[in-house]
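[1] Give me a model of this one.
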Amino acid sequence: METQSNAIEIVKIQVFSNFKVISMNIDSIAHEESMIFPNGEANCMNWILGHLIYIRNAFLNVLGEESVWDNAKFSCYNRGAVPIERKEELITFEELKSYLQQSQDQLEAKLISIERFNPETINDIAILSFHENYHSGQLGYLRRILGKPGAVK
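    Numbering: from 1, shown residues only. Now for the predicted structure:
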């Protein structure tokens, strides 16, 4: 049981920390700015945030919770999508921020109440936590590319 509670605490800290970093990096970014594709091809901030939410839904599902949106409707944010070719499907940055908050509320509620992880899900949980770290750092670089000051000091 000690190992399980340690694992839950580690994931909790990851989820809380990632949300803080993501929130700091997207603060004061307008929708128009979120739609800028660096070098005319790199993923825009809008897609990265939407992609984080898309994969957070998988995280919620692994923990036995419902997704915050219909993945089929938001497939433009799935891994492998080419966002520059699907720009018209990307939703407003404010809507994405709302979905991010919903996903955070659900993840926090689940992680606060859960007593143990299903052993078959440990690998998925670790990879999904890493995924957030990876993309939250990208948001930091995109913030700088957009001419904003770095948010994480």
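[2] low pLDDT regions in the chain?
    Residues of the chain that meet the criterion pLDDT under 70 lie in 1-4.
[3] The residue nearest in space to the middle of the chain sits in which helix or strand?
    By Cα atoms, centre = their mean, the mean C-alpha position of the chain lies nearest to residue 52, the distance being 2.7 Å. Here residue 52 sits within helix 45-62, counting by DSSP states H and E.
[4] Pull out the buried residues from the helix or strand following that helix.
    On the C-terminal side of helix 45-62, the closest following helix or strand by DSSP H and E is helix 93-113. Residues 93, 96, 97, 99, 100, 102, 103, 104, 106, 107, 110, 111 are the ones in helix 93-113 that count as buried (16 or more other Cβ atoms under 10 Å). All C-beta spots, glycine's among them, are computed from the backbone N, C-alpha and C.
[5] and helix 93-113, what does it pack onto?
    Contacts defined by 3 or more Cβ pairs under 8 Å, 6 or more residues apart in numbering; DSSP states H and E place helix 93-113 against helix 2-26, helix 31-34, helix 45-62.
[6] ok, 6 Å please
    helix 2-26, helix 45-62 (3 or more Cβ pairs under 6 Å, 6 or more residues apart in numbering; DSSP states H and E).
[7] Would you mark the buried spots in the helix holding residue 52?
    Those would be 45-60, 62, for helix 45-62 by 16+ other Cβ under 10 Å.
[8] contacting residues for residue 51?
    residue 77 (Cβ atoms under 6 Å, 6 or more residues apart in numbering).
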